[in-house]
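Undergrad: Here's a sequence, model it:
(one chain, ligands or ions: 1)
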Amino acid sequence: MIPLARPVIGAREEELVLETLRSGRLSLGPRLGEFESGFASRLGTEHVSAVSSGTAGLHLAIREAGVERGDDVITTPFSFVASANCALYEGARPVFCDIDPRTLNISAEAAAAAVTDRTTGLLPVHIFGYPADMPAFERLAADRALWLVEDACEALGGAHADGSTVGARGNLSVFAFYANKQLTTGEGGAVVCPSAEGKERIDSERNQGRAPDMGWLDHDRLGFNYRIDDLSCALGVAQLERLDEMLAGRARVAALYGEGLAGVEGLALPCADEGGDRRGWFVYVVQLPPGLDRDAAVVAMRERGVDTKLYLSAIHLFSFYRERFGHREGEFPVCEGVASRSLALPFFPELTDAEVEQVVEALRAVIDRPA
Ligand SMILES: Cc1ncc(COP(=O)(O)O)c(C=O)c1O
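TA: The predicted structure is shown next:
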């Protein structure tokens, strides 16, 4: 079975993780700073705080941005659930608006129209690694005095039309390093902070609110245990060394899929880069032809040795969100349409040409001759 994802783990990863294991410094050791500074210089930024997950990073980032109980935070319903949940952790309310049908990112116009007196923040997501329209969100934030946090969890390797690296425009932004990501630490994440003081606060909050000198004598703010351990950071350091190669591998597979699946009637492929924006390839998600039975397609693909996954669902239609906020079908038609047709194909750097061909042939067959 061709799996959906597989991390690239080689001798270097084994060496650094083992070395760290044997060093006895398993948490808050030297690998933490090494990974943070390596990641920061890779992005071309200065202050990075590595944390236990992307979700933890989002939580700390919106706290640093100044979210408060009762606030409305504008975000996208077409995302992984954590980008909306993080507002709830702080007693704020995620307010959704519809997405752009080409990029599948939150529409900046819809976001502007959704701002009210209760809105205090914007949380755009670079979905599937395609850059969200940050210049528009930065203008909106400035015009309406809103805070701005970028969810760049899926977007390592992406770039904006103006040449800036996704997640490194000077806003608070968050990356994630789960095992299917462009770079993995097993579990892990990182917050990019515009200032040294911001990093200091986030470093403290990830570590139970310990005072900046990290002594045990005082906890001067509320904190969490959102630490990432040194074994994970060692893995991250090794992964950083091969990041270019891994990103190139993903781009190669995406190009092969693009060629192999071109011209299939009704099948929508991930949008091509446009206007200078560049996707950081994370997943390869297609939208099946309208009317095709997606569940049956998943089964048929499995029968042909290919794992696929329905990806993503609309957040506002999750039962928790329906019950808590009264959301219903039809609120965000573009998002719902995409969510009802989208299917993730196997996607990782070491997918061979033959495996890609097997996936392409299987999908073509399933679409041509549905069960
Ligand atoms: C868009 C987005 N936001 C947030 C997260 C949360 O990251 P993690 O799973 O590391 O908590 C993810 C990870 O899958 C994601 O894709």
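
Undergrad: how about residue 140, secondary structure?
TA: Three-state call for residue 140 (DSSP: H, G, I helix; E, B strand; the rest coil): helix.

Undergrad: what's near enough to touch residue 4?
TA: Shown in contact with residue 4 (CB atoms under 8 Å, 6 or more residues apart in numbering): 180, 307-309, 344-347. All C-beta atoms are positioned from the backbone trio N, CA, C, and that covers glycine.

Undergrad: one more time with 6 Å, if that's ok
TA: 307, 309, 346 (CB atoms under 6 Å, 6 or more residues apart in numbering).

Undergrad: Show me the longest helix that occurs in the protein.
TA: helix 243-261 (DSSP state H).

Undergrad: which helices and strands sit right next to that helix?
TA: helix 353-368 (3 or more CB pairs under 6 Å, 6 or more residues apart in numbering; DSSP states H and E).

Undergrad: quick one, the helix it packs on and helix 243-261 angle?
TA: For helix 353-368 against helix 243-261, the angle by axes from the mean of the first three to the mean of the last three CA atoms, to 10 degrees is 40 degrees.

Undergrad: how far does helix 353-368 sit from the chain's center?
TA: Put simply, helix 353-368 sits 27 Å off its chain's centre (CA atoms, centre = their mean, to the nearest Å).

Undergrad: Likewise for stretch 182-196?
TA: That offset, for stretch 182-196, works out to 11 Å (CA atoms, centre = their mean).

Undergrad: mind listing what's buried in that stretch?
TA: Neighbour-count burial for stretch 182-196, counted by 16 or more other CB atoms under 10 Å, picks out 182-185, 187-194.

Undergrad: Can you list which of these are found in strands?
TA: 189-193 (DSSP state E).

Undergrad: Would you format these as TSV with pLDDT and distance to residue 366 included?
TA: Converted to TSV, those look like this (pLDDT from 0 to 100; distance: CB to CB, whole Å):
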residue	pLDDT	distance to residue 366
189	99	35
190	99	38
191	99	41
192	98	41
193	98	46
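
Undergrad: ok, now how distant is the one residue in the chain that gets nearest to the ligand from residue 183?
TA: Nearest residue of the chain to the ligand (CB to the nearest ligand atom) works out as residue 54 at 2.5 Å. According to CB to CB, to the nearest Å, residue 54 and residue 183 sit 12 Å apart.

Undergrad: hmm, back to that, so can I have CSV of the buried residues of stretch 182-196 showing distance to residue 150?
TA: Shown next, in CSV, are the buried residues of stretch 182-196 (distance: CB to CB, whole Å):
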residue, distance to residue 150
182, 16
183, 17
184, 20
185, 20
187, 21
188, 18
189, 13
190, 12
191, 10
192, 8
193, 12
194, 11
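
Undergrad: out of those residues, which touch the ligand?
TA: residue 189 (CB under 6 Å from any ligand atom).

Undergrad: out of the buried residues of stretch 182-196, who's nearest residue 353?
TA: Distance to residue 353 across the buried residues of stretch 182-196 (CB to CB) is lowest for residue 182, with 20.6 Å.

Undergrad: Now name the helix or strand holding the closest residue to the closest one other than its chain neighbours.
TA: Nearest in space to residue 182, with sequence neighbours left out and distances taken as CB to CB, 6 or more residues apart in numbering, is residue 156 at 4.3 Å. Under the criterion DSSP states H and E, no helix or strand holds residue 156.

Undergrad: what are the phi and psi angles of residue 156?
TA: Per-residue torsions, residue 156: phi -60, psi 130 (degrees, to the nearest 10).

Undergrad: Go ahead and confirm it touches residue 280.
TA: Yes: taking contacts as CB atoms under 6 Å, residue 156 lies within contact range of residue 280: 5.2 Å.

Undergrad: which residues are common contacts for the two?
TA: With CB under 6 Å, 6+ apart, residue 156 and residue 280 have no common neighbours.

Undergrad: Of those two, which one has the most company?
TA: Higher neighbour count among residue 156 and residue 280: residue 156, with 27 against 23, using other CB atoms under 10 Å.

Undergrad: Could I get the contacting residues of that one?
TA: Contacts here follow CB under 6 Å, 6+ apart; on that basis residue 156 touches 175, 182-183, 280.
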